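[1] Predicted model and sequence follow; I will ask about them next.
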Amino acid sequence: MSDLLDAIEAEARGDFAAALPHYEKLTTSGSALDRVGIHQALARCNEKLGRLKDGGRWRRKAGQGYVALSDDEMARDERQYLAQDLHGDASLPEVAKEYAAVLKDNFSGGAEGLTHEGLFAGAFFRALGDHLTAAKYLFDTAEAMSEQATTTGDANLREATILAYERAMDSATKAGRADVARVAQMRAYDLKQMT
């Protein structure tokens, strides 16, 4: 049981690398529902360390664990809800296709109110090397952030927006979209001039 406590303590301190070996020792012990929780913890720690492929593998194991639970352990509709987008054993590019479909639906009304998700999407697709998709999410999210930063005068939000535009510019350049890169560069420049 000390592995569980050691893992939780390490994760709570933000020492995700130290938490991983303790969590890994717990993947075959405890109840089926406990193992789902361990798989999710392994996913979180790997993702925090930038190991998206490993994180995705553990998320999928958690999804499989939910599906395998009996009706006595959890109602079927609840199991299916919790397991959605987590089952199977796909590679990171396949996960990216699923994620892109979800994002496309979420962003169909624009990026307003989806700042965290949009920035995460940009970082996610940059990490995969899909710079065109990354540029789209970073630019669209920066546009929504820029409006809010200008309206509120929030200096921290303005700085975050400038960085989002700069990352959009970098991804657009790598994707061969010089037109988008120029607009992102101009928007970042304009925000830097604000006092």
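    Received it, and whenever you're ready, just let me know what you need.

[2] Quickly find the element holding Val36.
    Secondary structure assigned from DSSP states H and E places Val36 in helix 32-48.

[3] Show me how the protein divides into domains.
    2-83, 92-193 (automatic domain parsing).

[4] In a markdown table, list these along with mean pLDDT and mean neighbour count.
    Where C-beta positions appear, they are placed from N, C-alpha and C, glycine not excepted. Shown next, in a markdown table, are those (pLDDT from 0 to 100; neighbours: other CB atoms under 10 Å):
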| stretch | mean pLDDT | mean neighbour count |
| --- | --- | --- |
| domain 2-83 | 84 | 17 |
| domain 92-193 | 82 | 18 |
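
[5] and after the helix holding Val36, which helix or strand comes next?
    Using DSSP H and E, the helix or strand that directly follows helix 32-48 along the chain is helix 52-68.

[6] now the angle from the helix or strand where Leu119 lies to helix 52-68?
    Element membership for Leu119, per DSSP H and E: helix 115-128. Interaxial angle, helix 115-128 versus helix 52-68 (axes from the mean of the first three to the mean of the last three CA atoms, to 10 degrees): 120 degrees.

[7] Return helix 115-128 as CSV; C-alpha atoms alone will do.
    The C-alpha coordinates for helix 115-128 follow below in CSV (Å, rounded to 0.1, in the frame of the first residue of the first chain):
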residue,chain,number,x,y,z
THR,A,115,-9.4,29.2,-24.4
HIS,A,116,-7.9,26.3,-22.4
GLU,A,117,-9.1,23.7,-24.9
GLY,A,118,-7.9,25.8,-27.9
LEU,A,119,-4.4,26.4,-26.5
PHE,A,120,-4.2,22.7,-25.5
ALA,A,121,-5.2,21.7,-29.0
GLY,A,122,-2.5,24.0,-30.5
ALA,A,123,0.2,22.5,-28.2
PHE,A,124,-1.1,18.9,-28.9
PHE,A,125,-1.0,19.3,-32.7
ARG,A,126,2.4,21.1,-32.5
ALA,A,127,3.8,18.2,-30.6
LEU,A,128,2.5,15.8,-33.3
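
[8] Just name whatever secondary elements that helix is in contact with.
    Where contact means 3 or more CB pairs under 8 Å, 6 or more residues apart in numbering; DSSP states H and E, helix 115-128 is packed against helix 52-68, helix 92-106, helix 131-152, helix 155-174.

[9] how about a markdown table for those helices, with distance to Leu42 added?
    Shown next, in a markdown table, are the helices and strands packed on helix 115-128 (distance: least, CB to CB, whole Å):
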| stretch | distance to Leu42 |
| --- | --- |
| helix 52-68 | 4 |
| helix 92-106 | 16 |
| helix 131-152 | 26 |
| helix 155-174 | 28 |
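
[10] so which of those comes closest to Arg35?
    When those are compared by CB to CB, helix 52-68 sits nearest Arg35, at 5.7 Å.
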